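Trainee: One predicted model, sequence on top.
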Amino acid sequence: MGEPESAGRGPELRLVGVGDVVNLSPAAVAKLETLDDVIFPAIDGDMTAVEASEPLWREAVAELGPEVVAESRSEYLRYARSTWQFLSRQTVQQPLRMLAVMKVIGLLMGEDSA
């Protein structure tokens, strides 16, 4: 059994609201791409990325607003859940990687997250 699928992960670069498409500025798109570059590796067990994820996530939520990061948050949680399920089925446990997944889930589910 292989690693969880990572193809196609990441935010759509448009948000669909109540009948409206919200166009994101190049700076907002860059911020979301930077989040992807940190959050996905954190979920994959990169402890440097885990440490970098909290301040970067909080900064993105503060700068872009909860509505803009909501889809990214959903994608991260979906990938974290898939990774957790994959890891929990393994014969040989990877406790540090599981801890990384839990930390990211905790960050994303925190009361001041999004």
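Mentor: Perfect, thanks for sending it.
Trainee: Identify each buried residue in the lengthiest helix in the chain, please.
Mentor: Scanning the chain for the helix with the most residues, using DSSP state H, yields helix 66-88. Under the neighbour-count criterion of 16 or more other CB atoms under 10 Å, helix 66-88 has 68-69, 71-73, 75-76, 79-80, 82-84, 86-87 buried. (C-beta placed from N, C-alpha, C; glycine too.)
Trainee: Chain neighbours aside, what residue packs nearest to W57?
Mentor: Excluding the flanking residues, the one nearest W57 by CB to CB, 6 or more residues apart in numbering is L107, at 5.7 Å.
Trainee: no no, L64
Mentor: L64 sits nearest to A28 (CB to CB, 6+ apart), 5.6 Å away.
Trainee: How much space separates the one you found from Y79?
Mentor: Applying CB to CB, to the nearest Å, the value for A28 to Y79 is 21 Å.
Trainee: now swap in L96 and tell me
Mentor: Separation of L96 from Y79 (CB to CB) stands at 18 Å.
Trainee: So what touches the helix or strand just after the longest helix of the chain?
Mentor: Moving toward the C-terminus from helix 66-88, the next helix or strand (DSSP states H and E) is helix 95-109. Helix 95-109 has contacts (CB atoms under 8 Å, 6 or more residues apart in numbering) with 39, 42-47, 50, 53-54, 57, 73, 76-77, 80-81, 83-84, 87-88, 113-114.
Trainee: one more time with 10 Å
Mentor: Outside helix 95-109, the residues within contact range by CB atoms under 10 Å, 6 or more residues apart in numbering are 38-47, 49-51, 53-54, 56-58, 69, 72-74, 76-77, 79-88, 90, 94, 113-114.
Trainee: tell me, what residue is most central in the protein?
Mentor: The residue lying closest to the centre of the chain (CA atoms, centre = their mean) is Y76, at 3.1 Å.
Trainee: Pull the number of nearby residues for V101.
Mentor: 25 (other CB atoms under 10 Å).
Trainee: meant to ask about E51, not that
Mentor: 12.
Trainee: Which of the helices and strands in the protein ranks last by mean pLDDT?
Mentor: For the chain, using mean pLDDT, DSSP states H and E, the weakest element among its helices and strands is strand 14-16, scoring a mean of 43.
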